[in-house]
Structure formats: C-alpha cells, structure tokens
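J.: when you get a sec, could you give me coordinates for this:
(one chain, ligands or ions: 2)
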Amino acid sequence: MASRSEIELLIHTGPGTPCGDLMRRYWQPVALASELPPDGDPLPVKLLGEELVLFRDDRGRPGLLDRFCAHRGVDLSYGRCDPGGLRCLYHGWLYDVDGTCLEQPAEPAGSTFHKRIRQTAYPCRETGDLIFAYLGPGEPPELPELDFYLAPDSHRVVSKIFQESNYLQALEGTFDQSHLSILHRVPPADVAIKAVTLEESAKSHYALLSEDVAPRIETERTHFGFREYVSRKAPEGEYLKVETFVLPNLGVVPGAAAGRGGYQGNFHVPIDDFSHWKYYIKFREDGPLDPATSNEGSYGGEALTPDFRSPRNAENRYLQDRKVMKQHPFVTGMGRGFAFHDTWAVESPGPIVDRTKEHLSYTDKAVIVLRQTLLEAIAQMQSDTLPAQSRDGSDILAIGDVVPPGTDHEAYLAAKIAARRDARSSFAAKS
Ligand code: FES
Ligand SMILES: [Fe+2]
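T.: Ligands and ions are numbered 1, 2, ... in the order given. Predicted structure coming up:
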C-alpha cells in the first residue's frame, strides 16, 4: 500500500518533481494534429505544469516553445507565424522551432545580440494523428511505434477530453476494471442500439460486463509496466479481458473496437497537478473505423464543447437525470457516454482525491500495482537504471474475448501476441 509520502511523489508532475522528471523521459501527446493544421494559428498549451506555445512553421514542422518571449515576457501564443518561425508581436523577435532567435528587427544594424538568445524549445514529432513532445533531458528516445500509430489513418480515430482532476485518479480508473460492470451500465434499449456482438459470443461486451459484476483480477509485471487479466463468467465459458499499462501514463484497453479486431489507448497527460487531458486513440486492425460508431461508446451521441470539455460538468451536476434512474435502477442518469461517466468519477472527489481516507479492496488490485510500478520507475530513474522503453509495443495486449471453459490462459495469450506481431508486420510492409 502506498504511503502518504509516496502518493505525494506520484501526484506532482511540475518541473523538478520526481514524477514530473519521469514523465519527461517519455514522449507525451501535446495536441491532436487536427488542432494544428498547416496554416493554423499558434496554440497556447500547458503540459506538465509548463506554459508553452505550439506552432507550425512554414516547412510544416511543429515547434513547442516557452510561451513567454525571452525579451520581455510577452505571450507568444498571440504571435505571428512568419517565414522561419514564430514572431513576437511586441518587438518582432523571430524564433524557429529549435528556439533559435533568427531576427531582432529593432536592434541596430549589424547587431549579433540575437545569437546569444535562445527561447526554451522542446522537440516535437507527429505520428498517429497526434503531436508529441519530449520535455526531458538529453537526446529524446525513439518515438514508440505502437500499433495504433502504425495503422493506416482510416483505421484510427483520435479524440481528447479535458478532466479537472490530477492525472493519477484517471489513470487508476483505467485499471479499475470492476467499475465497468457498475458505473457504465446503460438502459437495456441502449444496449440493443450499441450492441456489437462479440464474435465468440451471442452477447455484446456491454451485456457480458453486466452479467458478472464481481470479476477475478490478476496482474503480471512487464519491463514496460504491467498487464491486468480480468475474468468474468459468460454463458459460453469465460469473458476474458486484458489491459496493458505502458509507463508512465498510457493505458491500453479493449475499448469500443473490442471484438472487431481493435483496441484503444487512453493517454492521461497532466496539464498541471489539478487537471489533465485524456486522449483516446481508437484503432482497428482489420479495417477502417467509423468515427461516429467508435465514438458512440465514449460520448454516447453527445458533443464535446469546441475546447474539448464535457457538456456534463460539476456546475450542471453532470445533467444527471433522476427520472431515468428510477426507470432503470442500475444506471447513473448521466447519459450513455463512458467518457462522461468517467469524468464524473474522477472529478467528483475534487482535483486531488484524499487517499488517506480510502479503503482499498480486492477490486483495487491493479490500482495498487499501478502505484508500485510508477514508484519503482521513479526509483530506477533516480538511480539511472530506468529500463529501455517498449518501442514496438508487440507485447501490448488489449483484448475482450469469450473463451471456452478451461482455456489455458498462457497459451491463449501467447497466440494473441503472435497474431499481433503478424498484424504489425503487415502494417509495416504497407507503410
Ligand atoms: S517581448 Fe517579445 S520581442 Fe520584445
Ligand atoms: Fe470507466
């Protein structure tokens, strides 16, 4: 069980904090690529407690700079994208994506002062419809080549939602499997609408989750995090779910494309200690993924605000409908969207839940392992023994399958990993 001081270690991710240093050793999503089109405006962004500006230069390269100009601190997100980089509106200093100051138009002719100026800049890369940034020391590691980044664009749907809570309580939610059978229930009529019957079963995975609300949970540590195995009784045998934690803040889960040859990444990216972005990366191996259908499970037919906020929030009490709750005693009354149920669950305790008052139970097995995994990674980083990052993701498992009674889990999962490797090589061959 993590102590109070250990929890303190995990929840702070600003500059100079141990967990912030850990997060900075890995590429982090900083925006959806669609937020920064080729002729797009600079975007003010906050990542890991740092105020930054994201822009695209005239060569199409994304750049991430300290938001405040090195001259006299003006906000560069109001600046102009000019040939070569981003120009401050106050005195016209021009910065390229590396933070080099290219021009200072108001300085005397022949001045070389600009050569001594460097705006803080972080490397950016684009993959899988996302823009990633590396805020750590030294040379950045290779960008991971996970399945959902390698897949053809038509096979992937990305989105993000703002959550007013520390990243950790949302990350814990991703590995808290028992809540899927309780919090995310929808009225039977909606189950029929949403039903995507699993190949191996006559039932959809929504229905299977409701059939057995007290799953058996096991975990297995890996060099890049851990896997969680969750077993529920099913009419045909066993409903087996596997999720993977990839250090330091990515959860890979079966999600909406489960049973249709796909799975989903949930990236919990700290904005600061009190809020985070949850990025959803949905992907299907065996064919195109329709954005409307794949987002139905997350948003239940409701639209996010233009700035990616939930239409259901604390101010409107998450638009909870108590009448629906009376008709269907097991539903939340907060619509069909899983994302909005989760937003309520992570925001309602307050931005930083008081873990000194929690009573962890059997269902929190993976939450405990998650905290241990992060604490160990911080210790390893501090002693310079942080293991190499999982680059290719071929060991990542995210499945939701019905298997016959008595299935040998080890053999079944080994076959799944082998199948994943084959699918990856077919993407690599096509790309
Ligand atoms: S404050 Fe930016 S150029 Fe002067
Ligand atoms: Fe959830």
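J.: so in the chain, where's the weakest helix or strand by average pLDDT?
T.: helix 188-194 (a mean of 56; mean pLDDT, DSSP states H and E).
J.: what is the helix or strand that that one is followed by packed up against?
T.: Sequence-wise, the next helix or strand downstream of helix 188-194 (DSSP states H and E) is helix 205-211. If contacts are counted by 3 or more CB pairs under 8 Å, 6 or more residues apart in numbering; DSSP states H and E, helix 205-211 sits against helix 188-194, strand 225-234, strand 237-246, strand 399-403. Using the backbone N, CA and C atoms, a C-beta is placed for each residue, glycine as well.
J.: let me have those in TSV, extended by mean neighbour count and distance to Ser111.
T.: Below are the helices and strands packed on helix 205-211 laid out as TSV (neighbours: other CB atoms under 10 Å; distance: least, CB to CB, whole Å):
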stretch	mean neighbour count	distance to Ser111
helix 188-194	14	64
strand 225-234	21	51
strand 237-246	23	48
strand 399-403	21	62
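J.: out of the ones you listed, which comes closest to Glu315?
T.: Comparison of the helices and strands packed on helix 205-211 against Glu315 by CB to CB identifies helix 188-194 as nearest, at 25.6 Å.
J.: could you pull out the helices for the stretch 251-400 of the chain?
T.: Ranges of helices in the stretch 251-400 of the chain, per DSSP state H, counting those that start in this stretch, are 291-299, 322-327, 338-347, 365-382.
J.: and those: which comes nearest Tyr206?
T.: Going by CB to CB, the one of these nearest Tyr206 is helix 291-299, 8.4 Å.
J.: how far does the closest one sit from the chain's center?
T.: The chain centroid and the centroid of helix 291-299 are separated by 16 Å under CA atoms, centre = their mean, to the nearest Å.
J.: with stretch 352-371 instead?
T.: Mean-position distance between stretch 352-371 and its chain equals 20 Å (CA atoms, centre = their mean).
J.: what's the span of it from first residue to last?
T.: 15 Å (CA to CA, to the nearest Å).
J.: one more: stretch 297-314?
T.: So stretch 297-314: terminal residues 21 Å apart, CA to CA.
J.: ok, and what's touching it?
T.: 159-164, 186, 194, 255-256, 277, 280, 318-319, 334-340, 343-344, 347-348 (CB atoms under 8 Å, 6 or more residues apart in numbering).
J.: list buried residues within those residues.
T.: Among the contacts of stretch 297-314, those buried by neighbour count (16 or more other CB atoms under 10 Å) are 159-164, 186, 194, 255-256, 277, 280, 318, 334-340, 343-344, 347.
J.: closest point of the stretch 301-431 of the chain to ligand 1, which residue?
T.: Across the stretch 301-431 of the chain, the shortest distance to ligand 1 (CB to the nearest ligand atom) belongs to Asp307, at 26.2 Å.
J.: where is the longest helix in this protein?
T.: helix 409-430 (DSSP state H).
J.: so which elements touch it?
T.: helix 147-150, strand 237-246.
J.: sheet partners, orientation included, of the last one?
T.: Strand 237-246 has these partner strands in its sheet, going by DSSP bridges: strand 225-234 (antiparallel), strand 250-253 (antiparallel), strand 399-403 (antiparallel).
J.: ok so, going back, quick one: which of the contacts of stretch 297-314 sit in strands?
T.: 159-163, 277, 280 (DSSP state E).
J.: count of neighbours near the residue of the stretch 301-431 of the chain closest to ligand 1?
T.: 6 (other CB atoms under 10 Å).
J.: now Leu171
T.: 27.
J.: correct me, but Asn249 touches Ala170?
T.: No - under the criterion of CB atoms under 8 Å, Asn249 makes no contact with Ala170, lying 9.3 Å away.
J.: quickly list what's touching both of the two.
T.: His268.
J.: for the protein, give me the ranges with low pLDDT.
T.: For the chain, residues meeting the criterion pLDDT under 70 lie at 1, 188-202, 256-260, 390, 425-431.
J.: tell me the centre residue of it?
T.: Nearest to the mean C-alpha position of the chain, counting by CA atoms, centre = their mean, stands Phe267 at 1.0 Å.
J.: what sits against the residue lying closest to that residue once chain neighbours are set aside?
T.: Using CB to CB, 6 or more residues apart in numbering and skipping residues adjacent in sequence, the residue nearest Phe267 is Tyr279, 4.0 Å away. Tyr279 makes contact with 29, 32, 130, 158-160, 265-267, 269 under the criterion CB under 8 Å, 6+ apart.
J.: just to revisit the earlier point, ok, so of the ones in strands among the contacts of stretch 297-314, who is nearest ligand 1?
T.: Trp277 (28.0 Å).
J.: quick one: contacts for that closest one?
T.: So Trp277 contacts 29, 160-163, 267-269, 271, 308 (CB under 8 Å, 6+ apart).
J.: if I look at it, how far off is Lys46?
T.: Going from Trp277 to Lys46 by CB to CB, to the nearest Å gives 10 Å.
J.: joint contacts of these two?
T.: Ile271.
J.: so what's the residue count around the residue nearest to Gln382 when sequence neighbours are not counted?
T.: Nearest residue to Gln382 in three dimensions, chain neighbours excluded: Pro18, at 6.9 Å (CB to CB, 6+ apart). Neighbourhood size, Pro18 [other CB under 10 Å]: 19.
J.: ok, Pro38 next?
T.: The burial count for Pro38: 7, using other CB under 10 Å.
J.: so it touches Asp58, yeah?
T.: No - using CB under 8 Å, Pro38 is not in contact with Asp58, being 9.3 Å away.
J.: got a list of what Leu9 touches?
T.: Counted by CB under 8 Å, 6+ apart, Leu9 has contacts 18-19, 375, 378.
J.: do the same with Cys124
T.: 30, 54, 61-64, 97, 131-134.
J.: wait, isn't Phe340 in contact with Tyr318?
T.: Yes - counting by CB under 8 Å, Phe340 touches Tyr318, with 6.8 Å between them.
J.: quickly list what's touching both of the two.
T.: Contacts common to Phe340 and Tyr318, judged by CB under 8 Å, 6+ apart, are 310, 312, 334.
J.: what's the closest of these to His205?
T.: After measuring those against His205 - CB to CB - the closest member comes out as Met334, at 20.1 Å.
J.: list the contacts for the closest one?
T.: With CB under 8 Å, 6+ apart, Met334 has these contacts: 312, 318-321, 340-341, 344.
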